[in-house]
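**Student:** One predicted model, sequence on top.
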Amino acid sequence: MSARIPAQRAAGAADPVRLRGAVAALGGRTVLRGVDLTVRPGEVVALLGANGSGKSTTVKTVVGSVPLRAGTLELFGTPAARFRDWRRIGYVPQRTTAAAGVPASVREVVATGRLSRHRLRPLRRADKAAVEAALAAVGMADRARDGVADLSGGQQQRVLIARALAGGPDLLIMDEPMAGVDLASQRVLADTLRAEVARGASVLLVLHELGPLQPLIDRAVVLRDGRVVHDGPPPAAGPVAGEEHCHTETEPAPGATIVTGPLT
Ligand SMILES: Nc1ncnc2c1ncn2[C@@H]1O[C@H](COP(=O)(O)OP(=O)(O)OP(=O)(O)O)[C@@H](O)[C@H]1O
């Protein structure tokens, strides 16, 4: 456990995520069987487990793209059904590409992260500053005019993270941010997370293994077959105990789309 005292926790703020007894099904098959998951203000929580244990499905229930069959979800103290403040949540989904065949520049993609703030009005000065800061945070300021399709998988991942950061989220959710990412980008990601935590953000990370992010993690929740089998101190860095499978993907799936916000 780190010695940090998160600002939001000190202020007695509501938990960004309180998921209780979550049951969810995909394609008619039950994949979550009563998952409890809490992310407290300023906390960095890693969601771990073998392939198919339900990690992605859990974060999808949190962002509203997979419905709950049973259980409850509160976001920042508000029942999910009444939650509207989606700009407080930045979500980087698993294995997506920033390109998706769209001839957009890096800056244009990152600017879409401000959509929920400026809606369809032109970007204001604060929006532009947030976009530039997010580009700088992930080390992509010098590529801002380049087409995202011309970037490597790791660079595209950085762009998606910048897009999530641009909204100034209070909760950052990233699904396997290290998958298929080169070492340089991994370092950038770790530095970015450190800065986000320092400014008071809470973070929920789906990880296959803790790796270089281990020092940042306050708590680990380990899933097995749609159930929580551990909720407590993170295990030592390396593959998660009990893992039977390894990820083989090294690049984002081609043609995948960017998904954010409530998608019910
Ligand atoms: N669209 C779908 N239809 C039916 N079953 C699905 C669908 N998507 C995922 N599943 C199944 O749901 C289970 C949980 O998947 P999920 O993606 O949440 O696991 P995960 O822990 O994130 O795995 P990974 O580490 O491989 O990403 C798996 O058994 C998976 O095969």
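**Tutor:** Arrived safely.
**Student:** Which residue ranges of the protein form strands?
**Tutor:** 17-26, 29-39, 44-49, 70-75, 78-79, 89-92, 171-175, 202-206, 219-224, 227-232 (DSSP state E).
**Student:** May I have the strands that pair with the last one, each with its orientation?
**Tutor:** The partner list of strand 227-232 in its sheet, established with DSSP bridges, is strand 219-224 (antiparallel).
**Student:** Among the strands of the chain, show the one with the smallest mean pLDDT.
**Tutor:** Sorting the strands of the chain by mean pLDDT places strand 89-92 lowest, at a mean of 90.
**Student:** which helices and strands does that one pack with?
**Tutor:** Applying 3 or more CB pairs under 8 Å, 6 or more residues apart in numbering; DSSP states H and E, one finds that strand 89-92 makes contact with helix 55-63, helix 153-166, strand 171-175. Yep, even glycine has a C-beta here, placed from its N, CA and C like the rest.
**Student:** nearest to the ligand, of the ones you listed?
**Tutor:** Nearest to the ligand among those is helix 55-63 (3.3 Å), distances taken as CB to the nearest ligand atom.
**Student:** List the contacts of the closest one.
**Tutor:** Outside helix 55-63, the residues that touch it by CB atoms under 8 Å, 6 or more residues apart in numbering are 17, 19, 22, 24, 26, 31-32, 35, 37, 47-49, 66-68, 73, 75, 89, 91, 94, 173, 175-176, 204, 206, 223, 226, 260-263.
**Student:** And those residues, which of them are buried?
**Tutor:** Buried subset of these (neighbour count, 16 or more other CB atoms under 10 Å): 17, 19, 22, 24, 31-32, 35, 37, 47-49, 66, 68, 73, 75, 89, 91, 94, 173, 175-176, 204, 206, 223, 226, 260.
**Student:** near the ligand, which of these show up?
**Tutor:** By CB under 6 Å from any ligand atom, the members of the buried ones among the contacts of helix 55-63 lying near the ligand are 31, 49.
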